[in-house]
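S.K.: Take this sequence and fold it.
(chains A, B, C and D)
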Amino acid sequence: MNAIYDFSILTGGIHERLSGLMSPTAVMITEMVIIGTLLIVFVALMGLVLVLAERKVAAFFQLRLGPNRVGPWGSLQTLADFLKLLTKELITTKSADKFLYNLAPFIVMLTPFLALGVIPFAPGLQIMDMNIGVFFITAVSSMGVLGILIGGWASNNKYSLIGGMRSAAMVVSYELSVTLAIMTMVIMTESLSLSEIIASQSDGWWIIKGHIPALIAFLLYLTASTAETNRGPFDLAEAESELTAGFHTEYGGIKFAFFFLSEFVNMLVVASIATILFFGGWMPFHLPFEWAVGFNHIMDFIPGIVWGFGKVTFVIFLMMWFRWTFPRLRIDQILNLEWKYLLPMNLVNFLLMALIALSGFYL
Amino acid sequence: MEQYVFYILAAIILVFSFMTVTSRMILRAAVYLLFVLIATSGIYFMLNYNFLAAVQLTVYAGGIAVLIVFSVLLTSQLNEKMEQVSLTKALAGGLIAFAGALLTILTIVQYNFRPNGLPELEPSPRAIGHAMLNYGDNGYVLPFEVISVLLLAAMVGAIIIAKRPAKLLNEDRTAIDTSYPSDKNAYTSRTKAEIDSLLK
Amino acid sequence: MQAELISKDGTQEYFVNMGPQHPSTHGVLRLVLTLDGEIIKRVEPHIGYVHRSIEKMAEFDTYKQIIHLTDRMDYLSAHMNNEAVALLVENALEIEVSDRVKVIRTIMSELTRLASHQLWWGVMGMDMGAITTFLYAFRDREMINDIMEETTGARLTMNYNTPGGVMFDLHPNFQKQVKEFIKIFKTKLPEYDELLSGNIIFTERTKGIGKLSLADAISFGVTGPSGRASGFACDVRKTNPYSAYDRVNFTEILLVEGDAYARYKARIFEMWESISIIDQLIDNIPEGVIMAPMKAIVKLPKGEFYQRVETARGELGVFVVSDGNKTPYRVKFRSPGFSNLSVLDHISRGHKIADLVAIMSTLDLVIPDIDR
Amino acid sequence: MSTIIAYFKGIGQGLNTLWTGMKVTGYYFFHARKEIITMQYPDNRDTLKIPERFRGRVVMLHDQNNEHACNGCTMCEMACPNGSIKIITDKILNPETGKAVRIIDKHIYHFSMCTLCNLCVQACPSNALAMDNSYENSVYDRSELTFVLNQPGSKIRDNVKD
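M.R.: Now for the predicted structure:
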């Protein structure tokens, strides 16, 4: 791998410079502050970019132009919207449970932050390399639904409550499929650490190396994770045409922005996981054949950060494509889909993958 | 540094545990419990025992807490405050809790902790996996499998209990006239004569 | 609000106000739902939020002036509503309009029907969560609106018919534009099928939902595509042909299933039929006057008159009691939306909220048509 | 066995229908440049084509001599279903014949009440009224929607019959 593009040189340099200046504890605190700030900036920036991207993509699917008034190509539109949301009055409905009502947006916002902490976007561009990275992400992402559930209840609105209950029933069941699809790939990667998973794909992405079961696992993961992020066609929690706005009917201003932003950051998280598990994270496109050495070498010259974000963008685009094409499912159909189709298929696929891993029948 | 983090986490656990049992609003109590569970996993993280911490998050914070909130939402007295506990009950409960705490603290203080001399196990998921399915020394395959069977039995039992006699959800739906046959996959236009013949 | 009920299972029923402001009631319809969880126990439509007393206003207007009010009832089939009143006056006075007017009216009716069904299709998709269909439908509808605007001068409230004929002659571009539109729309209509009709999510959500039996359709008076999807042969164009419908070949769309998908399919089939009707007529519009000789002030003879036409939503009846004056004594519109709404409670019981949205969408309600 | 085949067949068919839908939207996405139909309204005023029959609002036709054809017969006032036209007539003496002749003082048109039904234009015996193609008619005050259709200082054309 080309060492020029490794971010650890940069981060290591900063660490050494700081260590020369102050005590280890102070270095640690300083670094934590820097990283925290950067993470918040990153999330805010990605939120703005993704919201704009969603609106533009939706517009092109629908033969519209999308935002094009504020800034060139409408690039500042989301910023303007964000400022508008910031300046709005924060209203709490009269008989809402104020503590829980105000807490819910933060719980929802917390989980993508936690998950982003362990995701490597480029070589060295990772806050913490945990040896159970994938497991950690599934663990924290299961908490996000609590925010929706609590927010839906605390709003004291029947539509919100229905939305929250739907979301809880849905996320709790789809978590199984997400985890199983991830576990299917973990059989191949033989590690839970995200950086090791990426490293195992230096000679080819798992979706190519793992062929049939990997492809099935990818489709299953994509479906289940779309459902877990509450996006269309699984956006039952908000279900505009049935529940007006679902669980965030009563939220306004910046609290609404939190719910809104968390959906997009969650999308980024699940797309990153898909990228890391199936498309080799920031690994360049390599073919696992002898004759492809030259080709592999050329691919190395494209920086890892481009590969990483390029693939994430692709997965996000797929999810947007789903959202802007399909009608919404009904709650019982969603649960049917999970328990009668995704879960059995996942289990069979898991078995298939285990057999393939045992027999060594992968590239 | 680590000490302070521990104190903070311990304080969170203590305060929110107390609030959980004293809160008179059932859903808030559940949310306080969530904080306790998260702080507990924080302590595991501090001990560098990532796997257990993640399990704590998945099973307790993500699973149990969600289920508790979910089932709390299904109870009927959700909007009312729980009744005030009577003084005698509170006293008795406090006394028992105090006695339990005293006993635990005494035991811990009196016990002479010393290193056991065993080699340090690397808490990697790989090692845990090996230990789980190992039937030699330090192997846990029997408890692992027994627990699996137990969980399966519990699940089957839960399904049996939850399964109501097949009752139509739309029982009070006005009876639909089924006098004409319905071919669900056809949906093609028909002439009036065809419909008349279907009706006969 | 009534006390909340405890059902047999010990679960609590509760009320939800769906509307008057709600994204899927498409206007100001208020539905009071009695729910058990997500299951609908009862639907109680509360109407009257856009009541403008058109029937009362019509008592003070001359017959020519009534027509512009009918534009505002079912604004999506404005032309057919106009035609109903115009035909009533013509039949009452026994005026024979020229063939040209008849053919123009038929083509315009079918174009309006197409536009209405296109809008319905887009909104149906949107109610189901597929927002993209809405924009595609509007793209195609725009062409019809442009044709309408060119000839009648308005896009929605056309007020094109008048007793004895039509207000303007066809625009010179009309034939060319309509042929162009038909040509384009024949390639776009299969897309509708690809996007929604065939989509497994869509079929799963509509098949077997909101079943309306033939007997119920007749007893509730559900007409139009909604009624014909249950096998109720109620097409006024066939049963009581008016204008030029007796000289064109078209099939009356009849299905037997009576569920939401059948109602959906009925409208899709109807679009093809509309295209075929326009195809047959557009090339041979006879020459003739566009206005039969009429007196300046129209007075209907004493008596009662009834005229029915097939709008995009079903059978529109106009009932006029005349006392011989220049204004009617009493006017009553039998609007299809009102009868179609009445069946909502009956067919949506036991379904889920999401199904209610689908059922309402397939009934194709236009609230001003219900309230008048 | 047949149920298993049906299960997988169902999955396959379902995925196929989904893919069919995605192809349609995908086509439009990748041909966005050609297919976009948005009209950027306030910017495209120059190229906006309004059909000549478009009913914007009622106007009275004046020729270059500031003369109109309205003799104040109030046919339009009677034809209007909403009462949005009010004609105030005046009488002047014709200097040649010495008879009193009816002319209009003000032809008042309440645009706020108008439904643009075209009946007044049709009712006019001397074709004095017409519909213009204006389409930006919003104002800040209701009173601005009341127009006097005959221009100040205008008079009736000579050849108009009474």
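S.K.: Next to chain B, which bits of chain A? Give me the list.
M.R.: Contact residues of chain A with respect to chain B, defined by Cβ under 8 Å from any Cβ of the partner chain, are listed as A:25, A:28, A:97, A:99-100, A:103, A:130-132, A:135-136, A:138-143, A:145-146, A:149-150, A:153-154, A:161, A:164-165, A:168-169, A:172, A:175, A:191-192. The way it works is simple: take the backbone N, C-alpha and C, and place the C-beta from them, glycine included.
S.K.: In helices, which of those residues fall?
M.R.: The helices, defined by DSSP state H, take in A:25, A:28, A:99-100, A:103, A:135-136, A:138-141, A:145-146, A:149-150, A:153-154, A:161, A:164-165, A:168-169, A:172, A:175 from these.
S.K.: And D:Asp63, how far from chain C?
M.R.: Applying Cβ to the nearest Cβ, to the nearest Å, the value for D:Asp63 to chain C is 23 Å.
S.K.: go on, B:Leu14?
M.R.: When Cβ to the nearest Cβ is applied, the distance between B:Leu14 and chain C equals 38 Å.
S.K.: Which secondary structure element is home to that residue?
M.R.: Using DSSP states H and E, B:Leu14 sits in helix B:2-22.
S.K.: Contacts for the longest strand seen in chain D, please.
M.R.: What stands out as the longest strand in chain D, according to DSSP state E, is strand D:100-110. Here strand D:100-110 makes contact (Cβ atoms under 8 Å, 6 or more residues apart in numbering or on different chains) with D:57-58, D:60, D:70-72, D:83-94, D:145-150, D:155-156, D:162.
S.K.: about what we covered before: are any of the ones in helices among the residues of chain A next to chain B buried, and which?
M.R.: Among these, those scoring as buried are A:100, A:103, A:135-136, A:138-141, A:145-146, A:149-150, A:153-154, A:161, A:164-165, A:168-169, A:172, A:175 (criterion: 16 or more other Cβ atoms under 10 Å in any protein chain shown).
S.K.: For D:Leu48, grab the count of nearby residues.
M.R.: By the criterion of other Cβ atoms under 10 Å in any protein chain shown, D:Leu48 has 11 neighbours.
S.K.: Same question for the one 10 residues further on.
M.R.: The number of residues packed near D:Val58 is 23, by other Cβ under 10 Å.
S.K.: before we move on, what about B:Gly62?
M.R.: A total of 27 residues lie near B:Gly62 under the criterion other Cβ under 10 Å.
S.K.: picking up where we left off before, give me the ChimeraX select line for the contacts of strand D:100-110, limited to the buried ones.
M.R.: Applying 16+ other Cβ under 10 Å to the contacts of strand D:100-110, the buried members can be selected in ChimeraX as follows:
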select /D:57,58,60,70,71,72,84,85,87,145,147,149,150,156
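S.K.: now, which of the contacts of strand D:100-110 lie within helices?
M.R.: When the contacts of strand D:100-110 are checked against helices (DSSP H), there are no matches.
S.K.: Which residue would you name as the spatial centre of the chain?
M.R.: Picked chain A for this. Nearest residue to the geometric centre of chain A (Cα atoms, centre = their mean): A:Val269, 1.8 Å.
S.K.: if you could check chain B rather than the one you did, that'd help
M.R.: Within chain B, the residue whose C-alpha comes closest to the C-alpha centroid is B:Ile64; the distance, by Cα atoms, centre = their mean, is 1.6 Å.
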